[in-house]
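Visitor: Pasting the sequence and the predicted model now:
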Amino acid sequence: MKVVLQNLTKVFPSRNKKANEEVIAVNDFTFEIPDGKLIGLLGPSGCGKSTTLYMISGLQKPTGGKIFFGEDDVTELATEKRGVGLVFQNYALYPHMTVKQNILFPLQNLKGKDKMSKNEMLERAHEAAKLVQIDELMDRKPSELSGGQQQRVAIARALVKMPRVLLLDEPLSNLDARLRLQTREEIRRIQRETGITTVFVTHDQEEAMSISDMIVVMKLGVLQQIGAPQDVYDDPTNLFVAKFLGTPPINVFEGKVQGGKVYIGDEAVLDVADVEDREVFIGIRPEGFVPDENGAMCCKMRSVEVMGRDVSVVSEHDGMVSPVIRSIINADSGIDATATTIRYSIKRHKIFLFDKQTEERIRFEV
Ligand code: ATP
């Protein structure tokens, strides 16, 4: 089931009637979620991710715009009629019910033509439990389960009604690091197996990048960029997106383009014949630095952190805007950790230029 958001907007009125401080939580979103895909809604706290999800679910009414499931306009449709499965950060299971009873619960409330026989319900609940691999735990109470298992029950409960769209709001944030990793892989597997169009909200870029078919990056209610995770990482539309994706983060410098060259301080680090003279921000991905004794860029060494296959070289430069420069270098490159300076040349496709005022990308021939 494809989901289409058309000029979707949500404005929360000012709490204080005198001060006009209305919040535009979601500002004129238009995008299409293709059938059967997993979309990660990504952005810092307060950027409008949850509000977007709640509008898709029907829990919140848009101030403007429309939502379509397939060809159906569901904008005015009540949540229970939309056929959505919802999973929240806090699993919200009924503590006095067993796992089985929790999963059965949404089916027992079906009315009219949707009403199911007891056997049908049990079969469905068992299928959902099996899919999330908790079918062995059906008689336990939530308090007898780990956080990861509880979250699986919540997912089974959302799946049991065979939703048209699955909506997950930060479903992993209550889990410890190991379980997070495991559960996110599980969510990916379940999504692939069921083929249910899924929207996954998170502020964790690594999480979103690792499981999404497409990511939607948001900032202060405004959609910044949509695309496959690798495409957005390799081709960010502005400085915000470039900074938001990637660990370690992109290194940002102040500089200028003059006479077809990019300067950081007085070092010409790149030729860009097709860019006019102007002030710029320069972003260089950590993997874009190549140790090179003839390289144009000279940085002051701070430390070398061993990471196994790679090392992370921490250095400084007068032109940097980021607190430090972090480059990721193959451990076999023989970096001299006792040196006071390190020279780099820069990989052309790992360096981005941004307008100093608008912070929009300035493109050049790669
Ligand atoms: P987080 O990651 O912290 O959950 P988010 O990206 O999901 O953040 P939203 O919860 O969608 O952000 O909130 C977007 C904006 O709308 C925020 O500025 C928030 O303060 C505001 N907001 C959300 N709900 C309401 C409400 N009921 N009344 C007024 N303002 C609200």
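Guide: Received it, and whenever you're ready, just let me know what you need.

Visitor: Show me which residues of the stretch 1-150 of the chain sit near the ligand.
Guide: Listed as neighbours of the ligand in the stretch 1-150 of the chain under the rule C-beta under 6 Å from any ligand atom: 12, 23, 25, 43, 45, 46, 47, 48, 49, 50, 51. Using the backbone N, CA and C atoms, a C-beta is placed for each residue, glycine as well.

Visitor: what's next to the lengthiest helix in the chain, contact-wise?
Guide: In the chain, assigned by DSSP state H, the helix with the most residues is helix 177-194. Applying C-beta atoms under 8 Å, 6 or more residues apart in numbering, the external contacts of helix 177-194 come out as 38, 131-133, 146-148, 151-152, 155, 159, 166, 168, 171-172, 175, 198, 200, 207, 210-211.

Visitor: buried subset of those residues?
Guide: Burial by neighbour count, judged by 16 or more other C-beta atoms under 10 Å, picks out 38, 131-132, 148, 151-152, 155, 159, 166, 168, 171-172, 175, 198, 200, 207, 211 from those.

Visitor: Go through those and flag which are in strands.
Guide: 38, 166, 168, 198, 200 (DSSP state E).

Visitor: my guess is the first one contacts residue 212, does it?
Guide: So that's residue 38. Yes. Counting by C-beta atoms under 8 Å, residue 212 is a contact partner of residue 38 at 5.5 Å.

Visitor: Next, show the common contact partners of those two.
Guide: Common contacts of residue 38 and residue 212 (C-beta under 8 Å, 6+ apart): residue 200.

Visitor: How far does stretch 95-115 stretch from one end to the other?
Guide: 25 Å (C-alpha to C-alpha, to the nearest Å).

Visitor: ignore the last one, stretch 344-358
Guide: Stretch 344-358 has an end-to-end distance of 28 Å (criterion: C-alpha to C-alpha).

Visitor: same question, stretch 123-141
Guide: 20 Å.

Visitor: just how off-centre is it within its chain?
Guide: 29 Å (C-alpha atoms, centre = their mean, to the nearest Å).

Visitor: buried stuff in that stretch?
Guide: For stretch 123-141, using 16+ other C-beta under 10 Å, the buried residues are 124, 125, 126, 128, 129, 131, 132, 134, 135, 137, 138, 141.

Visitor: ditto for stretch 228-238
Guide: Buried residues in stretch 228-238, counted by 16+ other C-beta under 10 Å: 229, 232, 233, 236, 237, 238.

Visitor: Then stretch 29-41?
Guide: Across stretch 29-41, burial judged by 16+ other C-beta under 10 Å covers 29, 33, 37, 38, 39, 40, 41.

Visitor: And that stretch, end to end?
Guide: Terminal residues of stretch 29-41 are spaced 12 Å apart (C-alpha to C-alpha).

Visitor: Repeat that for stretch 241-252.
Guide: Taking C-alpha to C-alpha, stretch 241-252 runs 13 Å from one end to the other.

Visitor: Enumerate residues external to that stretch that contact any of its residues.
Guide: When contacts are defined by C-beta under 8 Å, 6+ apart, stretch 241-252 is touched by residues 42-44, 205-206, 209, 217, 224-225, 229, 232-233, 236, 239, 281-286, 312, 320-322, 325-328, 352, 354, 361.

Visitor: Just list the residues touching the residue in the stretch 201-350 of the chain positioned nearest to the ligand, thanks.
Guide: Closest approach between the stretch 201-350 of the chain and the ligand, counting by C-beta to the nearest ligand atom: residue 203, at 4.8 Å. By C-beta under 8 Å, 6+ apart, the contact list for residue 203 reads 42, 43, 44, 45, 49, 170.

Visitor: Apply 10 Å and report the result again.
Guide: Neighbour list for residue 203: 41, 42, 43, 44, 45, 46, 47, 49, 170, 173, 244 [criterion: C-beta atoms under 10 Å, 6 or more residues apart in numbering].

Visitor: Mind checking which of those are in helices?
Guide: In helices, defined here by DSSP H, the members of the contacts of residue 203 are 49, 244.

Visitor: Kindly supply the ChimeraX command isolating those of the contacts of residue 203 that are buried.
Guide: Restricted to buried positions by 16+ other C-beta under 10 Å, the ChimeraX selection for those reads:
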select :41,42,43,47,49,170,244
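
Visitor: and the helix-or-strand element of the chain with minimal mean pLDDT, which residues are buried?
Guide: Least confident helix or strand, the chain: helix 177-194 with a mean of 86, by mean pLDDT, DSSP states H and E. Across helix 177-194, burial judged by 16+ other C-beta under 10 Å covers 179, 180, 183, 184, 186, 187, 188, 190, 191, 194.
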